[in-house]
Every structure is written in C-alpha cells, then in structure tokens.
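Trainee: Got a predicted model here, sequence first, then my questions.
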Amino acid sequence: MLAANVGFLLLIQVIILMIICMWCFQRYAKRWGTALGRDSVEGSYTRVDYIAGEYASYVVSYLYTVNGKKYFGSISRPALSFGLRASIDENIEILKKEYILGKPFVVFYYKESPIEHWLNSPPSKLLIFMKAIAIPLIVLILGNAPLLFMDFLITHSPNI
C-alpha cells in the first residue's frame, strides 16, 4: 500500500513536470521572434526633461507604434550620474545631443504584448528563456511542494 501511494504521487509529479515543460516551451516559442529581431518597429525620441524630487532624475521619453497603436516609454538617468559638473539646463542639453528629438531608432517588442520592449537591439536568448520559464517555475514549485510534503508523510507514517 505504501509503495502504491508513493508511486501514485511520483506519477502526479511527473505529469505536472511534463505540463510545466510544455507550458515553458510554448512561452519560449512565442517570444523567439523577438530574440531573432523579427518583431521590430521604428521609434523616435519625443522629450528630454528633468524631474526634481528626492530621487531627481533626467528622463528621455520616446514613442513607437505597433499595429496602429501608440506606445510610450522612457529612459531614466539619475541626476547624480552627471555629478555636480553642470547645471540642470546644461545636463538637459547633453542628453538632447545624445538622444536627438525625432531621431529614429529600432524598438524590438514582444508580439503578444508590445508594451514589453527593448531599444536598439533585440533581447538576448537567455533573457527570453528566463522570461519564458519564470512563471511556470514558480507554479511548479508551489504545486509540487504539497506533494512532497504528502510523500514525506506517507513514507514516515507508522504501518498500522
């Protein structure tokens, strides 16, 4: 009886693992076009600004369009990264030279959700792999933990 219960739990664990592996593969396959650079559009810088406050920073805003829908993004650089060498206006001018307003650049995006995007170069294959397995791995761990606990109880229960 004990061996049958442990075998049944092992079978459930193997089935869960197979389902999670198929889920990971599906998520990875959907993101593969992004890693190869197939899903990309042209974007442009729209604004360079300074945001004051406790965590003061310079913000470069940009715009890109996917399937007729506009998406906005921003790059933030802490004010301390410029040091004390220049005023706010001078730092904004430095950024405007680096991020020329209206200048086009390439935006690589995830086809299922274009809000997930990368600028100028596609994401690495490792990053795509990690994004594909993150949620399924958490589900695997949380779904398998109770089964491991039950396995422990069954194997360590006194035979009556």
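Mentor: Yep, it's here.
Trainee: Point out the other helices and strands that the helix of greatest length in the chain packs with.
Mentor: For the chain, the helix with the greatest residue count under DSSP state H is helix 2-35. Judged by 3 or more C-beta pairs under 8 Å, 6 or more residues apart in numbering; DSSP states H and E, helix 2-35 is in contact with strand 104-110, helix 125-155. Where you see a C-beta, it was placed from the backbone N, CA and C, and this is true even at glycine.
Trainee: how does it look with 10 Å?
Mentor: The contact analysis (3 or more C-beta pairs under 10 Å, 6 or more residues apart in numbering; DSSP states H and E) places helix 2-35 against strand 104-110, strand 113-119, helix 125-155.
Trainee: buried stuff in the last one?
Mentor: Taking 16 or more other C-beta atoms under 10 Å as the basis for neighbour counts, the residues of helix 125-155 that come out buried are 128-129, 131-133, 136, 140, 143-144, 151, 154.
Trainee: Now flag whichever of those residues is closest to Ile88.
Mentor: Lowest distance from Ile88 to the buried residues of helix 125-155 (C-beta to C-beta) belongs to Lys131, with 36.4 Å.
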